[in-house]
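Asks: attaching a predicted model along with its sequence, questions to come.
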Amino acid sequence: MSHYSGSSLHWKFTSTDALKQRDIYNDQGLNPSYANRGVRVQANSNTGEYHLVFAAAELHDAGTYTCQDGDGRGEAHAAWLAVLGQFAYVTFIEIIVF
């Protein structure tokens, strides 16, 4: 979860085996490769909270997820996701950043 009150918010992902960041969510919405897998951004305009929610995590989803305003001026918040294996009973994972 990230708190933000501006108009341009970005979620970025850096995998555990790469240094390159990948955009997940920006002004144009959710990256289609994530949207097609059931990933969504749950926004609450009243509180300014943005939750990155996975329908199911896969092994390649392990890494660091960073949320920051689009201009890079605000405080960045990051969370690290570890995926230990794939299980049929996992229904969703919510990344919460404090």
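Replies: That came through, no problem.

Asks: helices along this protein, start to end?
Replies: 32-35 (DSSP state H).

Asks: where does it dip in pLDDT?
Replies: 1-7, 70-72, 86-98 (pLDDT under 70).

Asks: change it to 90
Replies: Applying pLDDT under 90 to the chain picks out residues 1-11, 16-23, 25-29, 37-38, 40-62, 67-98.

Asks: now the strands: where do they sit in it?
Replies: For the chain, the strands defined by DSSP state E cover 2-3, 9-15, 21-26, 29-30, 40-44, 49-54, 63-69, 77-81, 93-95.

Asks: tell me the angle of the fifth one relative to strand 63-69?
Replies: Using axes from the mean of the first three to the mean of the last three C-alpha atoms, to 10 degrees, one finds that strand 40-44 and strand 63-69 are set 40 degrees apart in direction.

Asks: what do you get for the third one?
Replies: Between strand 21-26 and strand 63-69, the angle formed by their directions is 50 degrees, by the same axes, to 10 degrees.
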